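A.B. asks: Quick one: sequence and predicted model below, then my questions.
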Amino acid sequence: MSTRTRIAFLKGHGTENDFVIIPDPDNALDLPPAVVAALCDRRAGIGGDGLLHVVRSAAHPEARDMAGDAEWFMDYRNADGSVAEMCGNGVRVFARYLQHAGHVTEGDLAVATRGGVKTVHIAKAGPGSGSAAGDVTVGMGRAGLPEGEVTVGVGERNWPARNVNMGNPHAVAFVADLAHAGDLYSRPAFGPATAYPDGVNIEFVVDRGPRHVAMRVHERGSGETRSCGTGACAVAVAAARRDGADPAVTGTPVTYTVDVPGGTLVITERPDGEIEMTGPAVIVAEGEIRPEWLETVAPAADTPVENVNQ
């Protein structure tokens, strides 16, 4: 990258699923996978489970057809630099950034993603909440439940899993103990491979009480993370079906509390199939990436644009 490149960044998290945030309204920055991976590196970079590239929908070729419905596009990247369809915690943090930057206020907004346009509601901070900002609720769309048996495995253990698609693929396995998932440094085994040709996010789930579960997750392209929003939604849907609850049949919404290592998310599936996720979103810090460092991580790239804090 050019030494003239100045990239503003912020750091945020939703239930400790953390992200590097790069404001780039005009889509002027080239962010190749090597740069994204370097930025997300926890030792040599800023550190994050992924990167939120903040772009106006009209300025991005993948989002222009959504510009009429959503001004902003979440160009989400995994920690390894690969592109992802959706990230539920990422959408909440993305919305919090837009609020932080003055682009939106409390209330409703729409965010374009590769998984479609998502509806978001930023709540006011309630009295005594101990937070400067209210929780963020995201309409996550409807869950797809592809047919066919899938399994996941760690070491000598194997479990049947529920195939759930939340705009990205998930395999949800109910286990006796979350420790059975192992260290999750490497991807658990899954099969058949044809069920997930582009890889899969794998959730391990235990019961905590009535409509209350806890999970750990190995996210495709990132490894184990402290939280996964689409994963929590997939887990709630899988738990509901396991428990015999289907809002489309009963006409009654179903709500599950999902504990993740980084906190708690509340997931509601409505009779029309729409799934809503509510949880916190926090902006932690902001600054500027040093151009000299960019030269070391992407010496062959040439991006002679300046991106000052928006």
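C.D. replies: Perfect, thanks for sending it.
A.B. asks: Tell me how many other residues surround His83.
C.D. replies: Check again: residue 83 is Val, not His. The local packing of Val83 (other C-beta atoms under 10 Å) involves 14 other residues. Placement of C-beta: from N, CA and C, glycine included.
A.B. asks: give me the number of residues near Gly45?
C.D. replies: Gly45 has 18 nearby residues by other C-beta under 10 Å.
A.B. asks: Please tell me how far Thr230 sits from Tyr256.
C.D. replies: 14 Å (C-beta to C-beta, to the nearest Å).
A.B. asks: I misspoke; the intended subject was Met86.
C.D. replies: Counting by C-beta to C-beta - Met86 and Tyr256 are separated by 19 Å.
A.B. asks: out of Thr230 and Tyr256, which sits in the busier spot?
C.D. replies: More neighbours surround Thr230 than the other of Thr230 and Tyr256, with 33 against 23 (other C-beta under 10 Å).
A.B. asks: Enumerate every residue touching the residue nearest to that one when sequence neighbours are not counted.
C.D. replies: Of all residues not flanking Thr230 in the chain, Met166 sits nearest, at 4.1 Å (C-beta to C-beta, 6 or more residues apart in numbering). If you count contacts by C-beta atoms under 8 Å, 6 or more residues apart in numbering, Met166 has them with Met86, Gly88, Gly115, Met140, Gly141, Ala143, Gly144, Thr230, Gly231, Cys233, Ala234, Ile275.
A.B. asks: Tell me how far Arg157 lies from Glu203.
C.D. replies: Where Glu203 is concerned, Arg157 sits at a distance of 15 Å (C-beta to C-beta).
A.B. asks: Of these two, which one has the most company?
C.D. replies: Under the criterion of other C-beta under 10 Å, the comparison of Arg157 against Glu203 puts Glu203 first, with 31 against 15.
A.B. asks: what sits against that one?
C.D. replies: His170, Ala171, Val172, Ala173, Met215, Arg216, Val217, Cys228, Gly231, Ala234, Val235.
A.B. asks: Neighbouring strands of the helix or strand where it lies in the sheet, and parallel or not?
C.D. replies: Element membership for Glu203 (DSSP states H and E) is strand 201-209. Partners of strand 201-209 in the sheet, by DSSP bridges, are strand 169-174 (parallel), strand 212-219 (antiparallel).
A.B. asks: That'll do, ta.
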